[in-house]
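**Student:** Okay, here's the prediction I keep looking at, along with the sequence it came from:
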Amino acid sequence: MNIEVPKFISENEIAEYLPHRGKMLLLSRITDYDMEHRIITGEYDITKDCIFYEKEADGIPSWVSFELMAQTICALTGIAHKLFGRKILPGMILSVTAFKTDLEWLKAGKTMRMTMTEDYRDDESALYNYVGELFVAGEDEKPAVTAKISAIEIESLEQLKEIRGRYLE
């Protein structure tokens with residue numbers, strides 16, 4: 001069963017593709033994706049309502065950007081599942097490497113634009129590696145943050161234990 005998913009997904013529709021809810025939903029919209037090349041671009045509008053907002057800095061710490069990137073990855077896998085009529089699964093970050101930024105804070109009132117490109121996938125274990133770039137929309141076209149993120153989709157904690165046993169013991 002194939003379903004169409006629009007290339008632009010608004011804030012009102014984004015929750016259909018992610019398991020995150022409430023203040024832990026850190027993605028405002030999807031602006032584009034390419035399933036063939038496994039690339040997605042999403043945006044997050046930083047507001048004072050953000051769970052990570054710190055009044056003294058009028059923003060969120062730049063390290064939170066890896067969660068913005070991870071939720072963008074989650075949206076791509078959610079879109080893929082929706083396109084093929086499958087259940088959307090929760091994911092977990094396994095590692096964040098090569099994290100680079102010159103920013104200490106991502107300021108309120110700004111929009112962050114995340115572009116994530118799949119670098120590796122293992123369909124059997126549902127393990128994915130992505131290279132990510134975060135830009136402050138409307139500012140310098142050089143990425144404000146770059147990182148590599150490894151993530152995994154799981155159906156249950158038992159599945160995670162099985163995978164852990166297979167790869168880590």
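**Tutor:** On my side now, so go ahead.

**Student:** mind listing what's buried in the helix or strand where T31 lies?
**Tutor:** Under the criterion DSSP states H and E, the helix or strand holding T31 is strand 29-34. When burial is assessed from 16 or more other C-beta atoms under 10 Å, strand 29-34 yields the following buried residues: R29, I30, T31, Y33. C-beta coordinates here come from the backbone N, C-alpha and C atoms, glycine included.

**Student:** Identify the residue spatially nearest to the second one, adjacent ones excluded.
**Tutor:** Across the structure, with C-beta to C-beta, 6 or more residues apart in numbering as the measure, the residue nearest I30 apart from its sequence neighbours is I9 (4.0 Å).

**Student:** same check, this time on the third one
**Tutor:** Across the structure, with C-beta to C-beta, 6+ apart as the measure, the residue nearest T31 apart from its sequence neighbours is T41 (4.9 Å).

**Student:** and that neighbour, what is it in contact with?
**Tutor:** Residues near T41 by C-beta atoms under 8 Å, 6 or more residues apart in numbering: I30, T31, D32, Y33, T72, R113, M114, T115, M116.

**Student:** L106 too?
**Tutor:** I46, G59, I60, P61, S62, V64, S65, M112, V136, A144.

**Student:** Quick one: list the elements packing against the helix or strand encompassing H81.
**Tutor:** With secondary structure defined by DSSP H and E, H81 is part of helix 65-83. Contacts defined by 3 or more C-beta pairs under 8 Å, 6 or more residues apart in numbering; DSSP states H and E place helix 65-83 against strand 29-34, strand 39-45, strand 91-101, strand 111-122, strand 127-136, strand 145-153.

**Student:** Mean pLDDT and distance to A15 added to those strands, as JSON lines?
**Tutor:** Below are the helices and strands packed on helix 65-83 laid out as JSON lines (pLDDT from 0 to 100; distance: least, C-beta to C-beta, whole Å):
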{"stretch": "strand 29-34", "mean pLDDT": "96", "distance to A15": "12"}
{"stretch": "strand 39-45", "mean pLDDT": "97", "distance to A15": "13"}
{"stretch": "strand 91-101", "mean pLDDT": "93", "distance to A15": "15"}
{"stretch": "strand 111-122", "mean pLDDT": "95", "distance to A15": "17"}
{"stretch": "strand 127-136", "mean pLDDT": "95", "distance to A15": "21"}
{"stretch": "strand 145-153", "mean pLDDT": "95", "distance to A15": "17"}
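
**Student:** In a markdown table: the ones you listed, plus distance to G85.
**Tutor:** Rendered in a markdown table, the data for the helices and strands packed on helix 65-83 read as follows (distance: least, C-beta to C-beta, whole Å):
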| stretch | distance to G85 |
| --- | --- |
| strand 29-34 | 18 |
| strand 39-45 | 20 |
| strand 91-101 | 19 |
| strand 111-122 | 20 |
| strand 127-136 | 20 |
| strand 145-153 | 16 |
